[in-house]
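>>> the following block contains a protein sequence and its predicted model.
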Amino acid sequence: VSRVYLNGEFLAREDARLSIDDRGFLFGDGVYEVSRAVRGRLFEDDAHWDRLSRGLREIAISVADQLDAHRLREISLRLLDENDLTGTDATIYLQITRGAALRTHWFPPAQTAPTIFASARAFEIPRTLRETGASAITHPDVRWLRCDIKSVNLLPNVLAKQRAHEVGAFEAVLIRDGTVTEGASANLFGVVDGELRTHPLSNHILPGITRKVLFELAEELEIPIVERPIRAEELPRLQELFATGTTTDVQPLVALDGRPVGDGRPGPIGIKLRKALEIRMGTG
Ligand SMILES: Cc1ncc(COP(=O)(O)O)c(C=O)c1O
């Protein structure tokens, strides 16, 4: 049975109980993180903590009395241990909401404790998909204007991903105002006219931790990255396209809306970066 963390306690998943007044349930009033652990080692945990802290600050939830970087590290490692995940690949899920209180749109009383939940589970890398590439569809980006906050309000992402899923595609390439922003659950990189491009950090995309690591790896490999959005009309000229994320690694996208990307096979830049990421994570 899996063991989870909820508000200071470690307990069996089926014993974990949330209030029906929890604002995460009622409003999606919270943020989350998904991070990776490889054989008991946390990957980029400081970066995940920094993004989480920033998100909490942006939506004015304080966990000062409950959580800090050190405590989160302890919780994560204990979850790996209690779930027998120290020898394998795993993901850690963390969600923080504004807590449970009588339903009002405005913030609850100041003494309302945030809800803090964390769990861990085994992650199996879909190696074949990484190697052969996957397909994607384009989809309108109808999300709000603070996509830089990793909010649990994921309805537009869920609907876009479902559309992709229905046609056997791996990811939805989101398009806002004629430009590619990101995927429904990943950042996107593409090669156009020999230039590796990705959307710049802004309120329109999530600042992905994998995206950040890829910038570091690309610098080591002397692969220039241009932070300029890919325009919808450039999509037919894409030579490569790949999605990046904590559970996505570097996933080549070799077909878009039923047409091949480039020659329809994973391209050399994506392959190089995927391998570099595997070495950095220790999953290669
Ligand atoms: C919308 C969105 N963009 C990008 C990412 C990639 O972020 P990270 O590399 O931190 O997992 C995610 C990850 O889940 C996501 O949901």
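Great, that's in hand.
>>> only C-alpha atoms from now on, for both contacts and neighbour counts.
Will do.
>>> tell me the residues of the stretch 101-250 of the chain that contact the ligand?
Contacts of the stretch 101-250 of the chain with the ligand, taken as Cα under 6 Å from any ligand atom, map to 183, 184, 185, 186, 187, 206, 208, 209, 210, 211, 245, 246.
>>> rerun at 8 Å
147, 150, 157, 182-187, 205-212, 244-249 (Cα under 8 Å from any ligand atom).
>>> and these, which of them are buried?
147, 150, 157, 182-187, 205-211, 244-249 (16 or more other Cα atoms under 10 Å).
>>> the protein: helices as residue ranges?
23-27, 45-58, 69-82, 127-132, 155-166, 209-220, 268-281 (DSSP state H).
>>> buried residues in the shortest one?
By neighbour count, and taking 16+ other Cα under 10 Å as the criterion, the buried residues in helix 23-27 are 23, 24, 25, 27.
>>> follow-up on the earlier one: now tabulate the helices of the chain in TSV and tack on mean pLDDT.
Formatted as TSV, the helices of the chain follow (pLDDT from 0 to 100):
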stretch	mean pLDDT
helix 23-27	98
helix 45-58	98
helix 69-82	98
helix 127-132	98
helix 155-166	98
helix 209-220	98
helix 268-281	98
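>>> let me have those helices in TSV, extended by distance to residue 172.
TSV is the format used below for these (distance: least, Cα to Cα, whole Å):
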stretch	distance to residue 172
helix 23-27	25
helix 45-58	24
helix 69-82	30
helix 127-132	16
helix 155-166	6
helix 209-220	17
helix 268-281	18
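>>> quick one: which of those is nearest residue 7?
helix 69-82 (11.0 Å; Cα to Cα).
>>> I'd assumed residue 196 was in contact with residue 228.
No. In this structure, residue 228 is not within contact of residue 196 by Cα atoms under 8 Å, at 9.5 Å.
>>> so what sits against both of the two?
Counting by Cα atoms under 8 Å, 6 or more residues apart in numbering, residue 228 and residue 196 have no common neighbour.
>>> specify which residue of those two has the higher count of neighbours.
Taking neighbours as other Cα atoms under 10 Å, residue 228 and residue 196 compare with residue 196 leading, 21 against 14.
>>> the residue lying closest to the more buried one once chain neighbours are set aside - how many residues pack around it?
Among residues not flanking residue 196 along the chain, residue 225 sits closest, at 5.1 Å (Cα to Cα, 6 or more residues apart in numbering). For residue 225, the neighbour count with other Cα under 10 Å is 17.
>>> tell me the contacts of residue 225?
195, 196, 197, 198, 215, 218.
>>> quick one: the second one from the ligand, how far?
Pointing back at residue 196 there. Noted for residue 196: a distance of 17 Å to the ligand, by Cα to the nearest ligand atom, to the nearest Å.
>>> bridging residues for that residue?
residue 191, residue 225 (DSSP bridges).
>>> again with residue 117
Here residue 117, judged by DSSP bridges, has bridge partners residue 6, residue 95.
>>> and it, what does it touch?
4, 5, 6, 7, 94, 95, 96.
>>> neighbour-wise, which of the residues you listed leads?
residue 4 (26 neighbours).
>>> am I right that that one is in contact with residue 10?
Yes. Using Cα under 8 Å, residue 4 is in contact with residue 10, at 5.6 Å.
>>> state the pLDDT value of the residue nearest to residue 196.
Residue 225 carries a pLDDT value of 99.
>>> gap between it and the ligand?
Distance from residue 225 to the ligand, by Cα to the nearest ligand atom: 17 Å.
>>> hmm, back to that, so which of the residues of the stretch 101-250 of the chain next to the ligand are in strands?
Mapping those onto strands (DSSP state E) picks out 182, 183, 187, 244, 245, 249.
>>> the ligand: which of those is nearest?
residue 245 (3.5 Å; Cα to the nearest ligand atom).
>>> what sits against that closest one?
Residues near residue 245 by Cα under 8 Å, 6+ apart: 185, 186, 187, 208, 209, 210, 211.
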